[in-house]
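Engineer: got a predicted structure plus its sequence, pasted below:
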Amino acid sequence: MSRPLLSFLLFFAIIFAPVTILAQASTSDTSFVKQSVNEAVQAYRNAVGQQAHLYNGAEYFVPLKGYIKGHQFFKDKSYEKGAVLYDGAWFYDVPMAYDVALDEIVIAHAGGGYSQTLVKPKVQEFTVNDHTFIHLKADSVAGTPLQAGFYDLLYDGDVKMLVKRKKVLKERATADGMEGNYEVADMYYLLKNGKYHEVGNKSSVLKVLGGEKKLLNKFARTNNLHFKRQREEAIYKLTQYYDTLGPQEL
């Protein structure tokens, strides 16, 4: 029996002790007390036990370097409430952050005082900062241009758009000392007909989408899609538009 559960049971034993003594002559009262304790223990297991299942990962530690500009996290350098499908169960309102450089989910430990990572093989999906990330394991990406890890499912239609969020730490020695910064190196993929394709410019997207290229090119021009300056938005909008085209136009 775990220490928290033992403490919990002792607490209830103390609370219900007077009631038990006064009710020794009443079988029904004794049964009521027993049922109440059992229900309380079950409530404890449901409310605490399952949530505690999250907190079994390794402690998260990254050495702080004052000369590094930027940070390694997705979006903001702060905990945001998110949801995670972990070991087959959903957990909600979990304070978390996604370390893009390490490809790890970081959570605040329930006991406070430190942070920890979730056990990656147990994470199937998570949502944070209004983005949904899915975990693609090694066996599911074998023979594809993808590597195992977390992918931002940016568009989920007949054709799916996934983004591998990446940040690379660049450090260099200068006459004034060490300098460094995190550089974004996101990679984009389209999943069509069960096959993954890496894309980056308009021609690579059109090659994957196929169909009526004139319509796709016209849409790109009309909507001023810039594949160099706003690559992510351009790929997203063109993929979304492709899904709206009827079969007669493809």
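Structural biologist: Cool, got the structure. Please read all numbers here as calculations on a predicted model, not as lab measurements.
Engineer: contacts, neighbours, all on C-alpha from now
Structural biologist: Will do.
Engineer: in this protein, where's the longest strand?
Structural biologist: In the chain, assigned by DSSP state E, the strand with the most residues is strand 89-99.
Engineer: just checking, what packs against the helix or strand just after that one?
Structural biologist: Counting by DSSP states H and E, the element after strand 89-99 in chain order, helix or strand, is strand 104-108. In terms of contacts (3 or more CA pairs under 8 Å, 6 or more residues apart in numbering; DSSP states H and E), strand 104-108 is packed against strand 89-99, strand 115-117.
Engineer: and the ones you listed as CSV, adding mean neighbour count, mean pLDDT and distance to residue 65?
Structural biologist: Formatted as CSV, those follow (neighbours: other CA atoms under 10 Å; pLDDT from 0 to 100; distance: least, CA to CA, whole Å):
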stretch, mean neighbour count, mean pLDDT, distance to residue 65
strand 89-99, 18, 93, 16
strand 115-117, 20, 93, 18
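Engineer: could those strands go into a markdown table alongside distance to residue 212?
Structural biologist: A markdown table is the format used below for the helices and strands packed on strand 104-108 (distance: least, CA to CA, whole Å):
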| stretch | distance to residue 212 |
| --- | --- |
| strand 89-99 | 38 |
| strand 115-117 | 46 |
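Engineer: what does the longest strand of the chain contact?
Structural biologist: Contacts of strand 89-99 from elsewhere in the structure, counted by CA atoms under 8 Å, 6 or more residues apart in numbering, are 51, 72-74, 77-85, 104-108, 128.
Engineer: drop anything exposed from those.
Structural biologist: 51, 72-74, 79-80, 82-85, 104-108, 128 (16 or more other CA atoms under 10 Å).
Engineer: so who does the residue lying closest to residue 109 once chain neighbours are set aside touch?
Structural biologist: Leaving aside its sequence neighbours, residue 109 sits nearest to residue 115 (CA to CA, 6 or more residues apart in numbering; 5.5 Å). Residues near residue 115 by CA under 8 Å, 6+ apart: 59, 60, 61, 106, 107, 108, 109.
Engineer: among those residues, which one lies nearest to residue 225?
Structural biologist: Using CA to CA, residue 106 comes nearest to residue 225 of the contacts of residue 115, at 34.9 Å.
Engineer: return the list of strands paired to the helix or strand residue 85 falls within, each annotated with direction.
Structural biologist: Assigned by DSSP H and E, residue 85 belongs to strand 80-86. Next to strand 80-86 in the sheet, as set by DSSP bridges, lie strand 89-99 (antiparallel), strand 123-128 (antiparallel).
Engineer: neighbouring contacts of it?
Structural biologist: Residues contacting strand 80-86 (CA under 8 Å, 6+ apart): 54, 90-97, 122-129.
Engineer: quick one: the nearest residue to residue 232 once chain neighbours are set aside and residue 171, what's the gap?
Structural biologist: Ranked by CA to CA, 6+ apart and with sequence neighbours excluded, the top spatial neighbour of residue 232 is residue 188, at 7.8 Å. According to CA to CA, to the nearest Å, residue 188 stands 25 Å off from residue 171.
Engineer: much appreciated, bye for now.
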